[in-house]
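Asks: Here is the input, now give the coordinates:
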Amino acid sequence: MQKTLDDIVLSVVIPCYNEKDTIETILDAVRDCGIPHTEIIVVDDCSTDGTRDLLQGELRSKIDRLLFHKVNQGKGAALAKGFQAATGDVVVIQDADMEYDPKDFVRLIQPFITGRGDADVVYGSRYARGEAYMIEGFYHTFGNKFLTFVSNLFTDLGLTDMETCYKMFRRELIQSITIQEKRFGFEPEITAKIAKKRCRIYEMPISYYPRSYSEGKKIGIKDAFRAIYCILKYNLFA
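Replies: Residues are numbered from 1 along each chain as shown. The predicted model follows:
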């Protein structure tokens, strides 16, 4: 029998580091995402700007599971901790900034519940255009598309956006994978590992509202070189 949204619990893992200006807005947006049953898991990666005080104080009632790192470890480490704490049927990543819109969850979850309902993983692509979108900088776009191209060469996948934040997994799948990368190397690592498992992967268009480095964007050129290293490592040697 075909499932509906009422049959699914979605665990939303939010890695958070120094996001005091956006964290409350994101929590409210996730709760209002259109999925009836959501589990919000926040992993604070040793924030130093007052985010942790907000999470423990006035925002605590908005969070189902609140986890902390004693030292800053990076996004990959925060995600690994959040994934293991998830109890929902499906798990999705939500950054704590305002670049991605949780209302896209309703779209992303469809391959898990409608039609064949056979998805293991769904990627939300910023470049699979299906509606109006905000233009981001050329170099950032070029870097993302280049890394996706190199990743596809080794995984034999036809992704348009390997670096996307919005990755949605069956919980049992993501909890069965050991994540080694502590920072943004998580993206090519997890892509390589699900490709090796021959998972059923779907891709759906999503909204995207890029922020600048002056607004708090954290990924940089060093992360791009690390991504290339991770593509080679996890496809050829791991």
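Asks: Can you name the element that comes right after the longest helix along the chain?
Replies: Ranked by residue count, the top helix of the chain under DSSP state H comes out as helix 138-155. Counting by DSSP states H and E, the element after helix 138-155 in chain order, helix or strand, is strand 167-170.
Asks: Other residues contacting the helix or strand of the chain with the lowest mean pLDDT?
Replies: Of the helices and strands making up the chain, the lowest-confidence element is helix 138-155, at a mean of 90, by mean pLDDT, DSSP states H and E. Helix 138-155 is touched from outside by 126-127, 157-163, 188, 191-192, 195, 210, 224, 227-228, 231-232, 235-236, with contacts defined as Cβ atoms under 8 Å, 6 or more residues apart in numbering. For glycine as for every other residue, the C-beta is placed from the backbone atoms N, C-alpha and C.
Asks: now stretch 186-193
Replies: Outside stretch 186-193, the residues touching it (Cβ under 8 Å, 6+ apart) are 75-76, 79, 147, 151, 154-155, 157, 159, 162-164, 167, 177, 179-181, 227, 230-231, 233-235, 238.
Asks: So in terms of bridging, what pairs with the most centrally placed residue in the chain?
Replies: Nearest to the mean C-alpha position of the chain, counting by Cα atoms, centre = their mean, stands Ile93 at 3.1 Å. Beta bridges link Ile93 to Val13 when assigned by DSSP bridges.
Asks: show me what contacts it?
Replies: 13, 15, 79, 165-168 are the contacts of Ile93 under Cβ under 8 Å, 6+ apart.
Asks: quick one, helices of this structure?
Replies: Using DSSP H, helices in the chain cover 23-31, 51-56, 75-85, 105-108, 110-113, 138-155, 171-175, 186-196, 221-232.
Asks: buried ones in the longest helix of the chain?
Replies: 140, 143-145, 147-148, 150-152, 154-155 (16 or more other Cβ atoms under 10 Å).
Asks: circling back to that earlier point, which one of the helices of the chain lies closest to Val9?
Replies: helix 171-175 (9.0 Å; Cβ to Cβ).
Asks: Give me the helices and strands touching the closest one, please.
Replies: helix 75-85, strand 90-93 (3 or more Cβ pairs under 8 Å, 6 or more residues apart in numbering; DSSP states H and E).
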